[in-house]
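Trainee: give me a 3D structure for the following:
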Amino acid sequence: MNKKILMFGIPLLAIAIVSALVVLSFSVTVNTSQSVFVDGEPQAIPCLGGETCIGEPVVITNNANVNAELKLVNDADCEDVEISYVGKLDLTKKDTTTWAATGNAIEIIYTVVGENFEYDDSNLPEGYILVYAMDKENRFSEYATVIKVEDIDEGLPTLGDWNADADPDYCNLNNGFDSYNHCVGAKLWAINEDDLGTETEGVYELAWTDMVNYYYETDLIYYFANAEDNIIVPAGSNLVIYPSISVATLAGDETCEFTVGIESQ
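Mentor: A predicted model of the protein is given here:
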């Protein structure tokens, strides 16, 4: 009898434990708020047939602590008009001791998003070309190497460019020199083509003895290499774009109204 009682005692204990479990429940309230904002006024852009006309700036701001992956969309339905998006950047000579601008700025207009990186070189001095400059961590002792802008075949900044995640960054004099709109990104410079040195797989050394004559960035930029108008606005930063309107040569008189917006990728 004692053995039987012991054998039946084990399952009874197991039943008692299971029946003692209590299922807990709780409720959660999530208050969401918009983190991406667009600042741009309605625009009327006059443009003659055969020309490309650039509108006013539109600022897309991301207040979140994560990057915002977005898509530019528009509802244009005009067969004689193509819409793209460009950026503007001033390049200037600098005092290479203090890195303060010395004036004589030139404006560059460049592609923000598209299959190919394009730019307007009409403001470049004779003999100068536009290059993408890639810094190293010790940028004041190991000078940047460059790629000709015409050879860019991927988004900017590229993997391995220290400026893509610069620390200290380029905002609020954090690095002791610069107070840019974009804290990280890519650098564009204008240099005399004769200053290009040794080339390795499309990457060039520079003749730094002539560095006082280079035109340096006044801000960092982004370029998104795709045909779907997909962009990324970095965490806690903004992206400034300009609508670029290209009109067919034989376009007639018409008014083309459209709205540019953004949506999640």
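Trainee: need the pLDDT of Glu51.
Mentor: Per-residue pLDDT puts Glu51 at 93.
Trainee: let's number from 266 now, not from 1
Mentor: From this message on, residue numbering opens at 266, which makes the last subject Glu316.
Trainee: wait, it sits on Val512?
Mentor: Yes. Taking contacts as CB atoms under 8 Å, Glu316 lies within contact range of Val512: 5.9 Å. All C-beta atoms are positioned from the backbone trio N, CA, C, and that covers glycine.
Trainee: those two - which one has more neighbours?
Mentor: Applying other CB atoms under 10 Å to Glu316 and Val512 shows that Val512 carries more neighbours, namely 19 against 12.
Trainee: pretty sure Glu347 sits against Ser511.
Mentor: Yes. Between Glu347 and Ser511 a contact is recorded at 4.5 Å, counting by CB under 8 Å.
Trainee: pLDDT wise, what is Asn332 at?
Mentor: 94.
Trainee: just the one 4 residues further on next, same as before
Mentor: Among the per-residue scores, Lys336 shows a pLDDT of 94.
Trainee: also Asp426?
Mentor: 96.
Trainee: was I right about it contacting Arg404?
Mentor: No. Applying CB under 8 Å as the test, Asp426 and Arg404 come out as separate, 10.9 Å apart.
Trainee: and those two? Which one has more around it.
Mentor: In terms of neighbours (other CB under 10 Å), Asp426 is the more surrounded of Asp426 and Arg404; the figures are 21 against 15.
Trainee: nearest residue to Leu395 other than its sequence neighbours?
Mentor: Once flanking residues are discounted, Leu395 sits nearest to Val414: 4.4 Å by CB to CB, 6 or more residues apart in numbering.
Trainee: what about that neighbour, how many residues nearby?
Mentor: Residues near Val414, counting by other CB under 10 Å, number 21.
Trainee: for it, give me its contacts.
Mentor: 382, 384, 394-397, 453 (CB atoms under 8 Å, 6 or more residues apart in numbering).
Trainee: so can I have JSON lines of these showing distance to Ala366?
Mentor: Formatted as JSON lines, the contacts of Val414 follow (distance: CB to CB, whole Å):
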{"residue": "Phe382", "distance to Ala366": "25"}
{"residue": "Tyr384", "distance to Ala366": "21"}
{"residue": "Ile394", "distance to Ala366": "21"}
{"residue": "Leu395", "distance to Ala366": "18"}
{"residue": "Val396", "distance to Ala366": "19"}
{"residue": "Tyr397", "distance to Ala366": "20"}
{"residue": "Leu453", "distance to Ala366": "15"}
